[in-house]
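Q: model this:
(one chain, ligands or ions: 1)
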Amino acid sequence: HPSNVQMEESSILGRTNCRAKGGAPGFKVAILGAAGGIGQPLAMLMKMNPLVSVLHLYDVVNAPGVTADISHMDTGAVVRGFLGQPQLESALAGMDLVIIPAGVPRKPGMTRDDLFNINAGIVKTLCEGIAKCCPNAIVNLISNPVNSTVPIAAEVFKKAGTYDPKRLLGVTMLDVVRANTFVAEVLGLDPREVDVPVVGGHSGVTILPLLSQVKPPCSFTPEETEYLTKRIQDGGTEVVQAKAGAGSATLSMAYAAVKFADTCLRGLRGDAGIVECAFVASQVTELPFFASKVRLGRTGAEEVYQLGPMNEYERVGLEKAKNELAESIQKGISFIKK
Ligand code: NAI
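A: Residues are numbered from 1 along each chain as shown. Next up, the predicted model:
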């Protein structure tokens, strides 16, 4: 099949080679929704990641073309393409990490919740495949609304008997990436030197930057706090409006997804002290899921950190975030239970 650009064992002009079997050290990674606005640059960046030995690109359209294109890059990972539902199981077999940017993005005037009806079904189908074919893989879920799709994925895995909360991570990295950038702009620093914890969820007021915990230590005026919090919460909408109907953040999202996937892979490899924010099963608040800093290790999110000291502005924000999150989580759970 043309989508399988590299065969398990290839023979070129009579010379047999088995490299495509994935013999090189590294992890096997699948991207589901790989032909999309996020999926394509994400696939390109993952092909450049030295921790990846095999890269599976799955989509319901255009997977063969994206695969042929990416496969010409002279980096280590072997790339294989998979097109459409009948090839989902082959795409997933044996994967260590599955990244999911499949689904429809927002248009101007839409909230992430408006995407629920379409994306919920897509995430359900893909997670059923994961439960069957690579139940031990780490899952990085990008499809919106993340506040609901992560609970959906958890319910699918529970039904299948494969649920391990440590392995299911909603990707909120773009909120952290934006927060680092916007805070660095205000402080006049290099964004690489700035670390802003962003907790809660991934939508509107559920995105809660903890500006009192920024590293390096600094302080903000009430006006700066208000400006930064709003800009971080509305960062996605800023891009949706600028793209004027052509979708939402894709390039910065692909960057953020790769930054997050790389931390997961370094955790899997056994590196110490790998900490990043993600939306996970949590006991940090009374809600069953919450984004906060997590420590990534060989088995996924091995430790979920408490929120730490917050100021009054953040405590008020936390209450608002929890109210909206509670509904979004329940909506996800009900989608599977009903
Ligand atoms: P897009 O429409 O450009 O790409 C989505 C891809 O998913 C398409 O190639 C489509 O064919 C594919 N797809 C649809 N149904 C599928 C299925 N059943 N199986 C596999 N693939 C399927 O959208 P874009 O811009 O790449 O966004 C993707 C998702 O990521 C959206 O839900 C968007 O809201 C979300 N997103 C999440 C962010 C986050 O921070 N977590 C940030 C930005 C976007």
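
Q: Below-threshold pLDDT in this structure: ranges please.
A: Applying pLDDT under 70 to the predicted model, the residue ranges of the chain that meet it are 1-10, 17-24.

Q: can you pull out the helices in it?
A: Shown for the chain, the helices assigned by DSSP state H span residues 39-47, 63-71, 88-92, 116-133, 146-160, 173-187, 222-233, 235-243, 251-269, 312-337.

Q: I'd like those laid out as a markdown table, including distance to residue 28 and mean neighbour count.
A: Every residue, glycine included, has its C-beta placed from N, CA and C. Listed next are these as a markdown table, based on distance: least, C-beta to C-beta, whole Å; neighbours: other C-beta atoms under 10 Å:
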| stretch | distance to residue 28 | mean neighbour count |
| --- | --- | --- |
| helix 39-47 | 11 | 23 |
| helix 63-71 | 15 | 20 |
| helix 88-92 | 10 | 20 |
| helix 116-133 | 12 | 19 |
| helix 146-160 | 19 | 24 |
| helix 173-187 | 21 | 22 |
| helix 222-233 | 34 | 16 |
| helix 235-243 | 30 | 17 |
| helix 251-269 | 10 | 21 |
| helix 312-337 | 27 | 17 |
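
Q: Could you dump the ones you listed into JSON lines with distance to residue 99 added?
A: Conversion of those to JSON lines gives the following (distance: least, C-beta to C-beta, whole Å):
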{"stretch": "helix 39-47", "distance to residue 99": "7"}
{"stretch": "helix 63-71", "distance to residue 99": "14"}
{"stretch": "helix 88-92", "distance to residue 99": "12"}
{"stretch": "helix 116-133", "distance to residue 99": "11"}
{"stretch": "helix 146-160", "distance to residue 99": "13"}
{"stretch": "helix 173-187", "distance to residue 99": "11"}
{"stretch": "helix 222-233", "distance to residue 99": "23"}
{"stretch": "helix 235-243", "distance to residue 99": "19"}
{"stretch": "helix 251-269", "distance to residue 99": "6"}
{"stretch": "helix 312-337", "distance to residue 99": "19"}
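
Q: Output the set of residues of the stretch 1-150 of the chain in proximity to the ligand.
A: Taking C-beta under 6 Å from any ligand atom as the criterion, the neighbours of the ligand within the stretch 1-150 of the chain are 32-33, 35-39, 59-61, 101-106, 115, 119, 122, 125-126, 142-144, 146.

Q: If we use 8 Å, what do you get?
A: Within the stretch 1-150 of the chain, the positions near the ligand by C-beta under 8 Å from any ligand atom are 32-39, 58-62, 85, 88, 101-106, 112, 115, 119, 121-122, 125-126, 141-146.

Q: Where does this structure get nearest to the ligand, residue-wise?
A: Per C-beta to the nearest ligand atom, residue 36 is where the chain lies closest to the ligand, at 2.0 Å.

Q: what's the nearest residue to that residue if we skip its chain neighbours?
A: residue 101 (6.0 Å; C-beta to C-beta, 6 or more residues apart in numbering).

Q: pretty sure the one you found is touching residue 142, no?
A: Yes: taking contact to mean C-beta atoms under 8 Å, the distance of 4.3 Å between residue 101 and residue 142 places them in contact.

Q: that older thread, please list all residues in contact with the residue nearest to residue 36.
A: By C-beta atoms under 8 Å, 6 or more residues apart in numbering, the residues touching residue 101 are 31, 32, 33, 34, 36, 38, 39, 42, 142, 143, 253, 257.

Q: For those, work out which two are farthest apart.
A: 32 and 253 (14.9 Å; C-beta to C-beta).

Q: So for this structure, the centremost residue is which one?
A: residue 171 (3.3 Å; C-alpha atoms, centre = their mean).

Q: Skip the chain neighbours and tell me the closest residue to that one.
A: residue 142 (4.8 Å).

Q: Equivalent analysis for residue 301, please.
A: Leaving aside its sequence neighbours, residue 301 sits nearest to residue 294 (C-beta to C-beta, 6+ apart; 4.2 Å).
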